[in-house]
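Colleague: Show me the folded form of this:
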Amino acid sequence: MRHFNYTALFLAPLFLLAVQAARAADPTAFMSTGNGEFGTLDLSTAVFTDIGSMGQTGAGLGVYGDTLYTSSYKNTTGTVYTVNTATAALTPLATSSIDFYDFGSTLNGLYAFDTQLNLYSINPTTGVPTLLGPTGAPFSSWYGLSTNSGTLYMTSGTNLYELNTTTGYSTLVGGTGGTQYGALITVDGSLYAGEVSPANGVDILNPSTGAATLGPPLTGVNSNIYGLALPVPEPASLTVLGLGTIGVLARRRR
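Modeller: Residues are numbered from 1 along each chain as shown. Predicted structure coming up:
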């Protein structure tokens, strides 16, 4: 005779809360730099831990499913790559004549814009870009594209924009207050931004106004932040947490 597992019903919500707490306590992202370094970045402390060299400068990072992507930076070959997160090695998917300037993603798509600030969607299987349209954002010396949000954010100079992922067009959110960024990532509702001017660091942007709250300076690498994306799979701390909870449930069930 089967018995309903009331213990599992009670502990499952507690496990989900514990997972959420672990994520919030230690937000960590993959990071790429202007010198081609690849590693992880603690978003709370801005400490970079090196994994390896990508062999070239990537134009940012993007995530689709369980795969990490990048593209060549300001190179007329316009190559889209997958990134080996254990070694930093790149595997080419497709080439084009597009001069990619930045690369990013939403929760359900890959995107990049070129040196003329035209936005493209990227096919995650083939790497082939499809033109969506001009962003209409002003030209600047620094740009950033976001990951891990339903909204695609872009920084151009000292302003934050939202990009329409159907037409490519940008809508101004507001000014950052004078700082410029090379990459953006949303984690637990916070929009983290890799500051590249006037210094290297990790700030938080208000997604409603664009205003920046300055954070710690970048340490562990002497380069600019070009890409930020969430690690895949989950951090080891969450795996241990999950196994522990599953073990408790199993013992209670027996």
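Colleague: OK, contacts around the residue nearest to Ser140 when sequence neighbours are not counted?
Modeller: Distances taken as Cβ to Cβ, 6 or more residues apart in numbering put Gly157 closest to Ser140, at 3.5 Å, once the chain neighbours are dropped. Every residue, glycine included, has its C-beta placed from N, CA and C. Shown in contact with Gly157 (Cβ atoms under 8 Å, 6 or more residues apart in numbering): 138, 140-142, 180.
Colleague: What values do phi and psi take at the most centrally placed residue in the chain?
Modeller: Geometric centre of the chain, nearest residue: Ala229, 2.5 Å, by Cα atoms, centre = their mean. According to degrees, to the nearest 10, the main-chain angles of Ala229 amount to phi -150, psi 150.
Colleague: what does Val83 give?
Modeller: Main-chain torsions, Val83, degrees, to the nearest 10: phi -110, psi 130.
Colleague: Just the pLDDT for it.
Modeller: For Val83, the model assigns a pLDDT of 97.
Colleague: Not counting its neighbours along the chain, what's nearest it?
Modeller: Excluding the flanking residues, the one nearest Val83 by Cβ to Cβ, 6+ apart is Leu68, at 4.3 Å.
Colleague: Just give me the neighbour total for the one you found.
Modeller: Using other Cβ atoms under 10 Å, Leu68 has 24 other residues around it.
Colleague: Can you mark which positions in the host helix or strand of it are buried?
Modeller: Assessed by DSSP states H and E, Leu68 sits inside strand 67-71. Across strand 67-71, burial judged by 16 or more other Cβ atoms under 10 Å covers 68-71.
Colleague: What is the most widely separated pair among the residues you listed?
Modeller: Spatial extent of the buried residues of strand 67-71 (Cβ to Cβ) is set by the pair Leu68 and Ser71 at 12.0 Å.
Colleague: In contact with Glu37, which residues are there?
Modeller: Contacts of Glu37 (Cβ under 8 Å, 6+ apart): 48, 50, 52-54, 221, 223.
Colleague: In a markdown table: those residues, plus distance to Ala212.
Modeller: Shown next, in a markdown table, are the contacts of Glu37 (distance: Cβ to Cβ, whole Å):
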| residue | distance to Ala212 |
| --- | --- |
| Phe48 | 20 |
| Asp50 | 27 |
| Gly52 | 31 |
| Ser53 | 30 |
| Met54 | 28 |
| Val221 | 21 |
| Ser223 | 21 |
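Colleague: Reformat those residues into CSV and put neighbour count, pLDDT and distance to Phe30 next to each item.
Modeller: CSV is the format used below for the contacts of Glu37 (neighbours: other Cβ atoms under 10 Å; pLDDT from 0 to 100; distance: Cβ to Cβ, whole Å):
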residue, neighbour count, pLDDT, distance to Phe30
Phe48, 23, 97, 11
Asp50, 14, 96, 12
Gly52, 15, 96, 12
Ser53, 15, 95, 14
Met54, 22, 93, 11
Val221, 19, 94, 13
Ser223, 18, 93, 15
